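# Here is a sequence with its predicted model. Questions after.
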Amino acid sequence: LLDTIEQQLSEYLGRSGKPVGDYKKLLDNEAELAERLASVEQQLSDYNNLIDRLQQLQERQNHHTQEQSLKHAEQQLTEAQQEAGSMERLRKQLDDSATALKLAETALRLPESQWLARQELIQNVSRLQTSIEQIAESLQQLDTRQIPLQQQRIEAQSTLEQRKTAQAALQQKIDEAHHTKTLWDQQQRYQLLVRNLEHAQHTLSRCDAIKRELSGIRVNATDIDRLNQLTNRLRDTQTAIELAGTQVIYQLNPGVTLTADDRPLTGNGELSISKPTDIELPELGKLQIRPRGEDLEALNKTLKDIQTERQQLLEHLGVSSLDEARQLLQQQQNLTQELTSQQAAMKPLIPQGIELLATEVEQLNQQLAGHTVPEQQPNEATPLKLKQEQNRVTAEIEQFARQLEQLDGESKRHSDERLTLESRSNTNRETLTQQEQRLADERALETDQALAQRLEKARADIEQKQQLFEQAQANFSASNPQQLQLQVERAQISHDNLVAELDQLNSDIMALRNQLIGMGHSGLAEEHETLSAEQQRLAVLVTQQRNQAEALELLHTELKSALQATKSVITEPVMRKMQPYLDILMPDSQAVIADDMGLQGLSRAGIDEAFEQLSIGTREQLAVIIRLAYADLLHAAGQPVCLFLDDALVYSDDRRRDLMKQILFTASRKYQINLLTCHESAYRDAGATIIRLADHLENTAESMTSA
């Protein structure tokens, strides 16, 4: 039924859910027709809108004509301009009075500046006369202080020369004492470095010997670990071969001897045969035993590979056994430790290398050659006392030098100050002469009294012009000039706007008329009627086809949902039982169960992985878990359950095997689980009862023998 509905639905909708075939053509025709009809309707709407717009513009034009708007605007502008004319006369009076005031102020500046300059010149003459008198007094005081300074400088200079002579004699004695001390120190260091050089050369020789021994040892910790692993694997493989081989239990009569591949068998015992073996039976013939274990061939091959790799590694290391390799590794470690110790002991002796040490020894030997070294260590107190005496003399020298420097500085300051004062005095005298001559010349041209009268007259004229200006300013402000100017501006703007509006109306009306003539109206209404009828016909067909497609799509969705729900009902119990075990083994993972109840794969972190793409270990773990899930379902239904597993986890790593043991232990709390394995050590911590088949076979053999 689902396939039939999908076939019918494919005639209407494609895989992406979009229309196809005749249904798509019908929808395309409908869309194309709707687009054409919309275009015609838009053209009709545009034509009608233009008619309405033209009517509105003509009504606005007729309104302005009837109201005589332009004539009223021109009349208001003329009246405002006439009122502004009277304001301009008041403005001119104000400007004339302001100009007269500025001229009066300009006329005042000349006598005012002349009067200020005259007063400043009089003050300068008085100030220069006072300054010249003060400088003369200062020069007399400087000459009085200079006489004792000269005598003090002569005495300080004589004492300074005496102290410098004593300092030179002390320095010569100090140099001789230091030279003796230097020779003694060089001799002592030379002897120490010679001993260090001999010790370092001996240590270097030992380090070279250790390095030669280390170069002959090819063993390292990694190779030892690998050799140990191969040895353990060899032992485990041999044990596995013995366990997987055919077990022959024999009990021979006294004096009877059998031969198995040239190995004699007597008395009682057990023989494990892992390869074809012939047992000679005296006077009876030969007994051939061929082991049929499935893993023996692979184990023997593995054993051979391990033996080959182990022997190659022994030959590479140059040893015959693991113990010998370990002894070589221990010897290598001991030599390395000794080398490190020798190098650490040598580092303080030659911190910069033995070549530099030898060079320093040779340099000291050359420096000591030709010099007599004192037999005893020089007294260190002698240069110290001489240095102390020298420091005392040096301090006195510095004291007298500072005193002399201070006296020289004071004398220089006096000289500089005298020169400065004399220069200032000369300059002031010259300036005073000039100022007095200038004052006399100006008074000859105009006396101080005449200049004062002229200044007073100019100030009275300014006061009169200021009163006239203030009167004109008051008259202008009373006329409210700002308001009159705003009235003119408003009338002008209103007139200009009305003229522009009328011009624009005429232009727009002419443009609309030309556009309507160009568009025309013929055929649009008939075409619109024809297209509307065709659209109604197509709408009926599209509705029928759409209803059919939607019905099929709805039926297809419901069928798929029902099918999915049915599958979920079938697979959900198994997945629900598997999930607790998966949470232990692989958290955040879910099993994917196919419709046939088979394990299809695994979903981890939102990614689905097919069962065939998983590792062998993961596949065997999932196979065990799904068997546990079915066992849980049977147990929950009240059915008896007993699960057998035959070495089902041979490809699992240690971590996964531990988790699976936890899972098996959890399931064993509900029903019996029997795990057959030849790897007993791997399951000792599984929490299970261990039953060894070999023990039961021995008990069975004894029972048969006694019978």
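It's in. Residues are numbered from 1 along each chain as shown.
# Whatever helix or strand Glu456 lives in - what's its average pLDDT?
Element membership for Glu456 (DSSP states H and E) is helix 448-478. Helix 448-478 comes out with an average pLDDT of 78.
# just checking, what packs against that helix?
Here helix 448-478 touches helix 69-215, going by 3 or more CB pairs under 8 Å, 6 or more residues apart in numbering; DSSP states H and E. In this view, the C-beta of every residue, glycine as well, is placed from N, C-alpha and C.
# that older thread, just the angle between the next helix or strand after the helix holding Glu456 and helix 69-215, please?
As assigned by DSSP H and E, the chain's next helix or strand after helix 448-478 is helix 481-519. Comparing the axes of helix 481-519 and helix 69-215 via axes from the mean of the first three to the mean of the last three CA atoms, to 10 degrees yields an angle of 80 degrees.
# List the buried residues of helix 481-519.
481, 484, 487-488, 491, 495, 498, 502, 508-509, 512 (16 or more other CB atoms under 10 Å).
# Report how many residues lie close to Arg656.
Residues near Arg656, counting by other CB atoms under 10 Å, number 18.
# Next one: it from Ser320, what distance?
Arg656 is 39 Å from Ser320, where distance means CB to CB, to the nearest Å.
# Please apply the same query to Asp695.
39 Å.
# repeat for Gln167
86 Å.
# again with Gln140
Going from Gln140 to Ser320 by CB to CB gives 121 Å.
# Neighbour count for those two, which is higher?
Remark: of Gln140 and Ser320, Ser320 carries more neighbours, 11 against 8, as counted by other CB under 10 Å.
# Determine the three-state secondary structure at the more buried one.
coil (DSSP: H, G, I helix; E, B strand; the rest coil).
# Would you check that it makes contact with Leu313?
No - counting by CB atoms under 8 Å, Ser320 does not reach Leu313; the two are 11.8 Å apart.
# show me what contacts Leu349?
196, 199-200, 203, 357 (CB atoms under 8 Å, 6 or more residues apart in numbering).
# err, Leu451, not the other one
Residues near Leu451 by CB under 8 Å, 6+ apart: 111, 114-115, 118.
# List only those of those residues flagged as buried.
Counted by 16+ other CB under 10 Å, those give 111, 118 as buried.
# so where does Glu280 fall, helix or strand?
strand 277-281.
# nope, Gln247 is what I was after
Applying DSSP H and E, one finds Gln247 within strand 246-251.
# For that strand, list every residue counted as buried.
Neighbour counts over strand 246-251 (16+ other CB under 10 Å) mark 246, 248 as buried.
# go on, stretch 258-275?
So, applying 16+ other CB under 10 Å, buried residues of stretch 258-275: 258, 260, 265, 271, 273-274.
# likewise stretch 447-456?
For stretch 447-456, by 16+ other CB under 10 Å, it's 451, 455.
# Wait, a strand at Val592?
Yes - Val592 sits within a strand when classified using three-state DSSP.
# hmm, back to that, show me the buried residues of stretch 258-275 that map onto strands.
Within the buried residues of stretch 258-275, residues falling in strands by DSSP state E are 258, 260, 265, 271, 273.
# excluding its backbone neighbours, what's nearest the spatially most central residue of the chain?
Central residue of the chain (CA atoms, centre = their mean): Ala605, 28.8 Å from the mean position. Ranked by CB to CB, 6 or more residues apart in numbering and with sequence neighbours excluded, the top spatial neighbour of Ala605 is Asp588, at 6.4 Å.
# Is the one you found in contact with Gly606, as I believe?
No - counting by CB under 8 Å, Gly606 is not a contact partner of Asp588; they are 9.4 Å apart.
# Look at those two and report which has more neighbours.
Higher neighbour count among Asp588 and Gly606: Asp588, with 10 against 6, using other CB under 10 Å.
# Show me the strands in the stretch 251-400 of the chain, by range?
Ranges of strands in the stretch 251-400 of the chain, per DSSP state E, counting those that start in this stretch, are 257-260, 263-266, 268-273, 277-281, 285-289.
# which helices and strands sit right next to the strand holding Gln247?
Judged by 3+ CB pairs under 8 Å, 6+ apart, the packing partners of strand 246-251 are strand 268-273, helix 693-706.
# again, 7 Å this time
If contacts are counted by 3 or more CB pairs under 7 Å, 6 or more residues apart in numbering; DSSP states H and E, strand 246-251 sits against strand 268-273.
# Note down every partner strand of the strand it packs on and its orientation.
Strand 268-273 pairs in its sheet with strand 246-251 (antiparallel), by DSSP bridges.
# how about the partner strand as PDB, C-alpha atoms only?
Extracted C-alpha coordinates of strand 246-251, given in PDB (Å, rounded to 0.1, in the frame of the first residue of the first chain):
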ATOM      1  CA  THR A 246      45.700 -33.000  22.900                       C
ATOM      2  CA  GLN A 247      46.000 -34.300  26.500                       C
ATOM      3  CA  VAL A 248      47.200 -38.000  26.700                       C
ATOM      4  CA  ILE A 249      47.000 -39.500  30.200                       C
ATOM      5  CA  TYR A 250      48.900 -42.800  30.400                       C
ATOM      6  CA  GLN A 251      49.300 -45.500  33.100                       C
END
